[in-house]
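Q: model this:
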Amino acid sequence: MHDGGATMDWMEQEQERGITITSAATTLNWNYRGDKYHVNIIDTPGHVDFTVEVNRSLRVLDGLVFLFSAVDGVEPQSETNWRLANNYNVPRIGFVNKMDRQGADFLNVCKQVKEMLGSHALPLQVNIGSEDDFKGVVDLINFKGIVWNEEDQGMTFEEIEIPADILEEATQLREELLEAVAEFDDMLMEKYFEDPESLTEREILDALREATIAGKVVPMMCGSAFKNKGVQSMLDMVMEILPSPVDVEAIEGTNPKTDEVESRKPSYDDPFSALAFKIATDPFVGRLCFTRAYSGKLAAGSYVLNARSGKKERISRIFQMHADKQNQVPELGAGDIGAFVGFKDIKTGDTLCAENAPIVLESMDFPDPVIGVAIEPKTQADSDKLGVGLQKLAEEDPTFQVRTDEESGQTIISGMGELHLDIIIDRLRREFKVEVNQGAPQVNYRENIQAPVDHREVYKKQSGGRGKFADIVVTIEPQEDQEKTGLEFVNLIKGGNVPKEFIPSIEKGFKESMKNGVMAGFEMDAMKVTLKDGSFHAVDSDALSFELCAKLAFKTALPKASPVLLEPMMKLEVVTPEENMGDIVGDLNRRRGVMRGMDDKNGSKVVKADVPLSEMFGYVTQLRTMSSGRATSSMEFSHYTEAPRNVAEEVVAKIKGVSA
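A: As a prediction, this is how the structure comes out:
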């Protein structure tokens with residue numbers, strides 16, 4: 001992006017701030033060696049507050065071009081997004097952009113990708129010149145120099161002799177490339193040992209493709225997107241190395257009727273199956289459902305089955321997207337990405353499939369919000385529009401949540417960071433014409449327990465006619481696996497002390513109760529409940545009685561289980577000139593930061609620390625002041641940890657003071 005002119009960053013906020021906020025889809029045709037390729041592209045954000053956009057896009061993509069800055073190299077958000085790509089096993093190419101910037105260093109970024117991301121980064125090029133003098137690259141596969149023409153903005157290039165000053169380095173890197181690709185083919189390895197120069201371009205590319213798709217190597221390329229240098233070569237390698245939909249194995253899912261695993265091949269002949277990975281609202285066509293088709297084809301005006309709801313949906317129109325513009329198409333086929341219009345109830349992660357061949361594809365997991373803010377409409381007119389706006393935004397973004405505080409009646413919106421919530425409030429104002437007042441940001445604390453407690457709860461209610469009765473004996477304790485969250489429910493009752501049809505109601509009662517802990521009403525992080533015994537009344541007992549009994553048991557027993565407050569810790573990275581490092585480290589210590597290490601990077605110092613989110617509001621402004629604007633920081637959620645007693649007491653007192 002340059003001067004807010006990027007096609008894919010179409011939102012006003014994106015153009016003003018110079019960052020990508022929402023993923024955008026487009027389609028292009030690319031000519032490569034006489035063949036025409038049809039490519040679906042999704043442009044995703046890099047900022048950690050919008051990780052959801054990366055997560056859901058990676059779930060439906062077959063290949064990935066991972067962008068790095070030639071100056072900044074591997075940044076904290078690079079690590080986060082790289083891990084997401086690993087989770088979904090997405091083959092990738094690395095493209096080191098901004099080679100024309102001061103401090104650009106292609107091979108240093110390749111080294112960082114290898115060391116910091118634990119991957120086999122394999123340069124396919126060496127840059128000819130750098131910074132203002134960046135002219136071209138040495139193609140290590142064909143071992144020739146390429147220099148782009150400035151007159152047509154890099155659209156054409158000339159082949160040149162490899163400059164003498166980089167010939168030795170280029171020769172060594174070519175040997176490493178040939179050795180790496182030869183490892184993936186026994187015949188190629190034999191040929192390589194006999195005569196490395198006998199390997200043909202086709203053999204090298206085929207082996208490189210196989211190794212990339214298997215996730216064994218990450219081919220690295222470089223260029224300057226602003227000056228249109230290297231982008232064409234990168235797209236050529238996308239066609240050559242990354243998989244097409246037909247190269248990917250058949251996708252597996254579960255038959256909702258039989259619970260058996262089934263597969264769908266990327267073929268028009270298989271029954272239709274697709275994954276809805278994003279819901280968006282367009283001012284002209286209404287709600288859009290972005291969808292990746294894995295098998296079969298679907299014509300506009302047809303019906304699909306939503307495997308989650310079990311209901312049919314009529315898809316009235318199908319669009320191919322180009323950022324915020326739509327091109328209507330008659331059908332969507334296997335391998336394509338498009339947008340549906342006309343649906344009633346489709347959510348992010350839903351599987352859409354043929355009615356006569358139901359299947360549930362793997363959905364996506366999204367992180368819980370860590371920060372909240374109270375908002376209220378400025379006028380009555382705004383009040384009416386606020387609910388509609390929040391509903392649509394929450395539908396679009398699974399990491400954005402809205403709730404009403406029962407004690408104060410306030411509307412609380414929660415998200416992944418201050419920037420995330422700033423954008424939400426800005427969108428309310430611009431897109432939905434809603435003006436709101438907002439309170440100070442609030443941390444999303446959690447609660448947990450440290451000790452086991454045995455408890456018997458009897459729920460008895462008689463008010464004329466049929467009464468209510470339930471009796472349970474439970475042990476409530478911390479979960480053994482500290483990595484797990486939520487409720488672990490174990491039923492030890494054998495026989496008829498509590499009829500088996502009431503057991504799910506007991507579990508439901510505890511699960512519902514975990515939404516509001518006993519210390520300050522924050523959500524419980526994890527808990528194990530073992531149901532040991534109980535009794536029932538033949539007339540007065542029912543499912544609701546046992547659910548209410550479980551809720552009472554939770555409220556009564558939890559205060560005896562040594563409850564504690566958990567606070568979100570953020571992984572912070574600060575890049576600073578060395579002379580400011582002492583002030584910055586001292587400031588982080590005052591903020592209860594835990595140092596994780598210090599590194600050198602491009603002549604600057606990198607300070608890494610885990611810091612409580614509650615201490616980090618307004619940090620960017622403070623950092624600018626301490627460093628005269630020279631230091632930069634990035635922050636992402638790391639984990640929950642027990643808050644110190646004085647902090648917990650302060651938070652609880654504040655909450656109880658507000659509710660009082």
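Q: for R456, what are its contacts?
A: Contacts for R456 (CB atoms under 8 Å, 6 or more residues apart in numbering) come out as D471, I472, V473, V474. Every residue, glycine included, has its C-beta placed from N, CA and C.
Q: let's go with 10 Å and repeat that
A: When contacts are counted by CB atoms under 10 Å, 6 or more residues apart in numbering, R456 touches D471, I472, V473, V474, K532, D533, G534, A553, T556, A557.
Q: I'd like to know which of those residues are buried.
A: D471, I472, V473, V474, G534, A553, A557 (16 or more other CB atoms under 10 Å).
Q: shouldn't Q479 be in contact with D525?
A: Yes: checked against CB atoms under 10 Å, the pair Q479 and D525 is within contact range at 9.0 Å.
Q: Overlap of the contact sets of those two?
A: Common contacts of Q479 and D525 (CB under 10 Å, 6+ apart): N448, I449, T485, G486.
Q: I'd say the third one and P478 touch.
A: Think T485. No: taking CB under 10 Å as the definition, T485 is not a contact partner of P478, at 11.7 Å.
Q: give me the beta-bridge partners of A339?
A: F290, F319 (DSSP bridges).
Q: What is the burial count for it?
A: 24 (other CB atoms under 10 Å).
Q: How about S244?
A: Burial of S244 is recorded as 14 neighbouring residues (other CB under 10 Å).
Q: how much space between it and N40?
A: Separation of S244 from N40 (CB to CB, to the nearest Å) stands at 10 Å.
Q: shared neighbours of the two, anything?
A: D62, G335.
Q: what residue ranges in the stretch 401-550 of the chain score low on pLDDT?
A: Applying pLDDT under 70 to the stretch 401-550 of the chain flags the ranges 406-408, 464-465.
Q: V473 touches V453, doesn't it?
A: No: counting by CB under 10 Å, V473 does not reach V453; the two are 12.0 Å apart.
Q: who's in contact with the residue nearest to S263 when sequence neighbours are not counted?
A: Take S263 and drop its neighbours on the chain: the residue closest to it by CB to CB, 6 or more residues apart in numbering is A250, 4.1 Å away. Residues in contact with A250 (CB under 10 Å, 6+ apart) are E262, S263, R264, K265, P266, S267, D270, Y294, S295.
Q: cool, and V218?
A: V218 makes contact with 64, 66, 82, 91-94, 110, 113-114, 117, 119-122, 211-212 under the criterion CB under 10 Å, 6+ apart.
Q: Out of these, list just those in strands.
A: Counting by DSSP state E, these place L64, F66, R92, I93, G94, A121, L122 in strands.
Q: What is the burial count for the second one?
A: The number of residues packed around F66, counting by other CB under 10 Å, is 20.
Q: Compute the distance between it and R590, please.
A: F66 sits 37 Å away from R590, going by CB to CB.
Q: can you check the third one too?
A: Remark: distance between R92 and R590 (CB to CB) = 40 Å.
Q: who's more crowded, these two?
A: For R92 versus R590, the count of surrounding residues by other CB under 10 Å is larger for R92: 22 against 8.
Q: wait, doesn't the more buried one sit right on M237?
A: No: under the criterion of CB under 10 Å, R92 is not in contact with M237, lying 11.4 Å apart.
Q: Need the overlap of contacts for those two.
A: Contacts common to R92 and M237, judged by CB under 10 Å, 6+ apart, are V65, T212, P219.
Q: and the second one, how many neighbours?
A: Spelled out, that is T212. Neighbours of T212 (other CB under 10 Å): 24.
Q: list the contacts for F143?
A: So F143 contacts I162, L167, A170, T171, R174, L177, E197, E201 (CB under 10 Å, 6+ apart).
Q: quick one: which two of the residues you listed are the most distant?
A: Within these, two members stand farthest from each other by CB to CB: L167 and E201, at 19.9 Å.
Q: Between the two, which is the more surrounded one?
A: Each of L167 and E201 has its neighbours counted (other CB under 10 Å); L167 has more, 15 against 11.
Q: Which residue, neighbours along the chain excluded, lies closest to F184?
A: A211 (4.6 Å).
Q: Low-confidence bits of the stretch 251-400 of the chain, can you list those?
A: Ranges of the stretch 251-400 of the chain meeting pLDDT under 70: 323-324.
Q: T576 pairs with what?
A: T576 has these beta-bridge partners by DSSP bridges: K605.
Q: Any idea how many residues pack against it?
A: Around T576 there are 22 residues (other CB under 10 Å).
Q: Could you do T379 as well?
A: Neighbour number of T379 under other CB under 10 Å is 10.
Q: same deal with S302?
A: S302 sits with 17 neighbouring residues when counted by other CB under 10 Å.
Q: and it, how far is that from E183?
A: Taken as CB to CB, the span from S302 to E183 is 48 Å.
Q: can you pull out the helices in the stretch 501-650 of the chain?
A: Secondary structure of the stretch 501-650 of the chain (DSSP state H, counting those that start in this stretch): helices at 503-513, 543-557, 581-590, 619-627, 645-659.
Q: Dump the ones you listed into a markdown table; add distance to H639 as well.
A: Shown next, in a markdown table, are those (distance: least, CB to CB, whole Å):
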| stretch | distance to H639 |
| --- | --- |
| helix 503-513 | 23 |
| helix 543-557 | 25 |
| helix 581-590 | 17 |
| helix 619-627 | 19 |
| helix 645-659 | 16 |
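Q: one step back: filter the contacts of A250 down to the buried ones.
A: Neighbour-count burial within the contacts of A250 applies to E262, R264, K265, P266, S267, D270, Y294, S295; the criterion is 16+ other CB under 10 Å.
Q: Quick check: longest helix in the protein by residues?
A: helix 164-182 (DSSP state H).
Q: Give the next helix or strand downstream of that helix.
A: The helix or strand immediately downstream of helix 164-182 is helix 186-194, counting by DSSP states H and E.
Q: what comes up buried for that next one?
A: Buried residues in helix 186-194, counting neighbours by 16+ other CB under 10 Å, are found at L188, K191, Y192.
Q: what distance separates stretch 535-543 from the centre of its chain?
A: Relative to its chain's centre, stretch 535-543 lies at 46 Å (CA atoms, centre = their mean, to the nearest Å).
Q: how far away is the closest residue to P283 other than its chain neighbours from D282?
A: Distance criterion CB to CB, 6+ apart; nearest residue to P283, sequence neighbours excluded, is E431 at 7.6 Å. Distance from E431 to D282, counting by CB to CB: 10 Å.
Q: quick one: buried residues of stretch 218-234?
A: Neighbour counts over stretch 218-234 (16+ other CB under 10 Å) mark 218-227, 229-234 as buried.
Q: Next step: those residues restricted to helices.
A: V231, Q232, S233, M234.
Q: Return the closest of those residues with respect to K311.
A: Set against K311, the nearest of these by CB to CB is M234 (43.2 Å).
Q: Which pLDDT value goes with the closest one?
A: For M234, the model assigns a pLDDT of 90.
Q: who touches it in this structure?
A: Going by CB under 10 Å, 6+ apart, M234 touches V65, I93, G94, F95, N97, L124, Q125, P219, M221, C222, G223, A225.
Q: Closest to M595 out of those?
A: Nearest to M595 among the contacts of M234: G94, at 29.8 Å, using CB to CB.
Q: ok, the closest one - contacts?
A: Counting by CB under 10 Å, 6+ apart, G94 makes contact with 64-68, 74, 78, 82, 109-110, 113, 117, 119, 121-124, 218-222, 234.
Q: what's the distance between the nearest residue to it once chain neighbours are set aside and L428?
A: Nearest residue to G94, sequence neighbours excluded (CB to CB, 6+ apart): M220, at 4.4 Å. Separation of M220 from L428 (CB to CB): 42 Å.
Q: if we can go back for a sec, so which of the contacts of A250 sit within strands?
A: With DSSP E as the criterion, strands contain E262, S263, R264, Y294, S295 from among the contacts of A250.
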